[in-house]
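1. Have a look; sequence and predicted model below, questions after that.
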Amino acid sequence: MLEDLASGARDGVLVYDLSRLTRRPLELEQFFEVIDAARVRQVRAVAGLADLGSGDNLLVARIMGAVAAKGSATKSRRLKRKMLQNAQMGLPHGRSLRPFGFDEDGITHRPDEAAIVREMATRFIAGESLRSLCTDLDRRGIRSVKGSPWQTHSLRLVLSAPRIAGLRVHNGEVIGKAVWEPHPR
């Protein structure tokens, strides 16, 4: 958008609310510099402050930008603190797909899949390649959680996941035991 405004490809900006334009005061100032240099006068918001044509409205926009940045930073700190707390309690992190070997809750084992994980780990440690393991899984009709044939990178992720050892990782660091147990033997 900034490039289009600077080049003259666009001569106006319409946003729902100025607080949705940016969450950082520096970016708001950069926006103001670009529209000023390009002599863009048509900046409108559907809600809230609607006109940036006056000095008073620019001041209000800057204040609103600072408030939005503070709100965004507060929310970010709160979410990071909650994610760390969940990790310290051993709770699984949210995900779009369930991990292979576990139910949707990410905690409860699926015995049939857990047996496959154990078998694949044993065979891999014994020296079989990931490719041959994937070929065998495909031959047996065993699919990944997505329902697709296994790929070496996805099998590697399953076999090397700290979760199969009952560990919880947060930001790349093992921080303790998970609430789930390692796959039962």
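-> Noted; the coordinates are in hand. Residues are numbered from 1 along each chain as shown.

2. how much space between A126 and L133?
-> Distance, A126 to L133, using CB to CB, to the nearest Å: 11 Å. Every C-beta, even on glycine, is put in place using the N, C-alpha and C of the backbone.

3. Quick check: chain neighbours aside, which residue is closest to T108?
-> The shortest distance from T108 to any non-neighbouring residue, by CB to CB, 6 or more residues apart in numbering, is to F102 (6.4 Å).

4. Now do the contacts for that neighbour.
-> Neighbour list for F102: 108-110, 113, 163, 180 [criterion: CB atoms under 8 Å, 6 or more residues apart in numbering].

5. okay, those in TSV with secondary structure, distance to P149 and pLDDT next?
-> Shown next, in TSV, are the contacts of F102 (DSSP: H, G, I helix; E, B strand; the rest coil; distance: CB to CB, whole Å; pLDDT from 0 to 100):
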residue	secondary structure	distance to P149	pLDDT
T108	coil	25	84
H109	strand	23	87
R110	coil	19	92
E113	helix	16	95
R163	helix	22	80
W180	coil	27	55
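
6. between those residues, which is nearest I142?
-> Minimum distance to I142 across those is 8.7 Å, recorded for E113 (CB to CB).

7. Give the burial count for that closest one, as a bare number.
-> Counted with other CB atoms under 10 Å, residues neighbouring E113 total 19.

8. Kindly report the same for the one 5 residues further on.
-> Applying other CB under 10 Å, we find 16 residues neighbouring R118.

9. That one sits in which helix or strand?
-> Per DSSP states H and E, R118 falls inside helix 111-125.

10. helices and strands around that helix, which ones?
-> helix 130-139, helix 152-160 (3 or more CB pairs under 8 Å, 6 or more residues apart in numbering; DSSP states H and E).

11. Point out the other helices and strands that the last one packs with.
-> Counting by 3+ CB pairs under 8 Å, 6+ apart, the packing neighbours recorded for helix 152-160 are helix 111-125, helix 130-139.

12. Dump the helices and strands packed on helix 111-125 into JSON lines; add distance to P25 as well.
-> JSON lines is the format used below for the helices and strands packed on helix 111-125 (distance: least, CB to CB, whole Å):
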{"stretch": "helix 130-139", "distance to P25": "49"}
{"stretch": "helix 152-160", "distance to P25": "40"}
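
13. Minimum distance to V117: which of those helices has it?
-> helix 152-160 (6.4 Å).
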